[in-house]
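In: sequence plus predicted model, see below.
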Amino acid sequence: MSMDHSSNSMLPLETLRAFDAAARTGSFSAAAEKLNLTHGAVSRQVAKLEDWLGLKVFERGARGVTLTNEGNRLHLRTTEAFALISVNSDRWVEPRGTAVVRLASIPSVSGLWLMPRMAALENDPTRLRIVLDVDNRQADLADEGIDLSVRCGRGRIPGRVSVQLFEEYLFPIASPGLAREIGSGDPARLLKFPLINDSDASGWRAWLAAQDMDYRPRPQDRRFEDYNLVLDAAAHGLGIALARPPLTEHQIQSGRLVAVDDRTVLNPVSYWLDRPVGRPRAAAADLARRIAEQAGLASARLEAFLQDED
């Protein structure tokens, strides 16, 4: 038989639910109990489905119902479809409300600076809740519904209100084993070992330039886009990395990584707090004040950031 459903192009979902329950249980009565319907309602739904398809999906017998070949084929498809709907309904539901603030940052800052401060940033009577949006893209904050962003960069980004949170001074670090091998002395000794770069070579270039040395990445050097991986690579003895003190304080305190040279240089890249243009919501302004406090930013500069309209 051909399927003839031109009279009604959309099949109601209830008919497929009734069919699926009857196929699984082998009985209209059991399906009715499962769906909290009457036996007659399940029977009518299945009849509607058969009418829509123009074919029989069940053989009715004294002991219940069994699937026809066509019914069996349909049941394989409905099982897949219901599984797909179920997967989608298991997706994470973000909290909503006036006290929920969406905060965007890159993985390294999220994991190494924000996460250790998360409890302190959320801990208060107003029940402020942070939804952390971890991404390497510089998304359009307003379009993505993001209230605040903590990023690393060299300056302001057009279309945002920005304030510099803090700067950092870089110095070379390595695993304890490699550090013993490197020893102390002239900074040129570091070039005998692989250097591990962040997203670009600007950090090492700045540090070596301060020691009167030029630097261009060499084949033995490595580069990782994410600073978490830079630290992992250094901890596993793959070369010398540059400490970024706000992000490496715990790693150095724990002894996982150690300083191999105490000469420091200002990182050309610094940390910024951004927000979309316009008046920030009260909860976003509240969180911005807490981030500023954690970063040691002067309250006058933070208030100017909150009042600024462009």
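Out: Happy to help now that I have it. Numbering: from 1, shown residues only.
In: for the stretch 201-310 of the chain, give me the ranges with low pLDDT.
Out: 310 (pLDDT under 70).
In: which residue ranges form the strands in this structure?
Out: Remark: strands assigned in the chain by DSSP state E are 58-61, 64-67, 100-105, 129-134, 148-153, 160-166, 169-174, 196-197, 222-223, 241-243, 258-259, 265-266, 270-276.
In: now those in a markdown table, with mean neighbour count and distance to residue 303?
Out: Every residue, glycine included, has its C-beta placed from N, CA and C. Formatted as a markdown table, these follow (neighbours: other Cβ atoms under 10 Å; distance: least, Cβ to Cβ, whole Å):
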| stretch | mean neighbour count | distance to residue 303 |
| --- | --- | --- |
| strand 58-61 | 13 | 71 |
| strand 64-67 | 17 | 70 |
| strand 100-105 | 21 | 18 |
| strand 129-134 | 16 | 21 |
| strand 148-153 | 20 | 15 |
| strand 160-166 | 19 | 10 |
| strand 169-174 | 22 | 27 |
| strand 196-197 | 24 | 37 |
| strand 222-223 | 16 | 39 |
| strand 241-243 | 26 | 32 |
| strand 258-259 | 16 | 37 |
| strand 265-266 | 16 | 26 |
| strand 270-276 | 21 | 13 |
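In: nearest to residue 118, of these?
Out: strand 129-134 (6.7 Å; Cβ to Cβ).
In: give the pairing partners of the closest one; include direction for each.
Out: Each strand paired with strand 129-134, and its direction, by DSSP bridges: strand 100-105 (parallel).
In: quick check: mean pLDDT of the strand it pairs with?
Out: Here strand 100-105 scores 93 as its mean pLDDT.
In: alpha carbons of it, as PDB, please.
Out: Backbone C-alpha positions of strand 100-105 (Å, rounded to 0.1, in the frame of the first residue of the first chain) are rendered in PDB as follows:
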ATOM      1  CA  VAL A 100      22.000  35.800  37.000                       C
ATOM      2  CA  VAL A 101      25.000  37.400  35.300                       C
ATOM      3  CA  ARG A 102      26.600  36.000  32.100                       C
ATOM      4  CA  LEU A 103      30.300  36.400  32.300                       C
ATOM      5  CA  ALA A 104      32.500  35.500  29.300                       C
ATOM      6  CA  SER A 105      36.200  34.700  29.300                       C
END
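In: got the angle for it vs strand 270-276?
Out: If you take axes from the mean of the first three to the mean of the last three Cα atoms, to 10 degrees, strand 100-105 sits at 140 degrees to strand 270-276.
In: could you check how far the residue lying closest to residue 271 once chain neighbours are set aside is from residue 107?
Out: Counting by Cβ to Cβ, 6 or more residues apart in numbering, residue 271 lies nearest to residue 165, which is 4.3 Å off, once chain neighbours are set aside. Look at residue 165 and residue 107: by Cβ to Cβ, to the nearest Å, they are 18 Å apart.
In: now do residue 283
Out: 24 Å.
In: which of these two has more residues huddled nearby?
Out: Neighbours were counted for residue 283 and for residue 107 using other Cβ atoms under 10 Å; residue 283 has more, 19 against 15.
In: contacting residues around the more buried one?
Out: Residues near residue 283 by Cβ atoms under 8 Å, 6 or more residues apart in numbering: 98-101, 126, 128, 147.
In: care to break this protein down by domain?
Out: Residue ranges for the domains of the chain, per automatic domain parsing: 13-89, 100-157+276-307, 169-266.
In: what's around residue 113, how many residues?
Out: 21.
In: no, scratch that, I was asking about residue 42
Out: For residue 42, using other Cβ under 10 Å, the count is 26.
In: tell me how many other residues surround residue 256.
Out: 16.
In: distance of it relative to residue 239?
Out: Taking Cβ to Cβ, one finds residue 256 at 15 Å from residue 239.
In: quick one: the most centrally placed residue in the chain and residue 222, what's the gap?
Out: By Cα atoms, centre = their mean, the mean C-alpha position of the chain lies nearest to residue 134, the distance being 3.8 Å. According to Cβ to Cβ, residue 134 stands 23 Å off from residue 222.
In: tell me the buried residues in stretch 199-209?
Out: 199, 201, 203-208 (16 or more other Cβ atoms under 10 Å).
In: in this structure, which spans are helices?
Out: Per DSSP state H, the chain has helices spanning 13-25, 28-35, 39-53, 69-89, 107-109, 118-122, 176-182, 202-210, 227-235, 245-253, 282-295, 299-307. These are given in chain order.
In: among these, which is nearest residue 142?
Out: helix 282-295 (12.3 Å).
In: now that closest one and strand 129-134, what's the angle there?
Out: Using the same axes, to 10 degrees: helix 282-295 against strand 129-134 is 70 degrees.
In: what's the local residue count around residue 76?
Out: By other Cβ under 10 Å, the residues close to residue 76 number 9.
In: how confident was the prediction at it?
Out: 91.
In: one more: residue 63?
Out: Looking at residue 63, the pLDDT reads 84.
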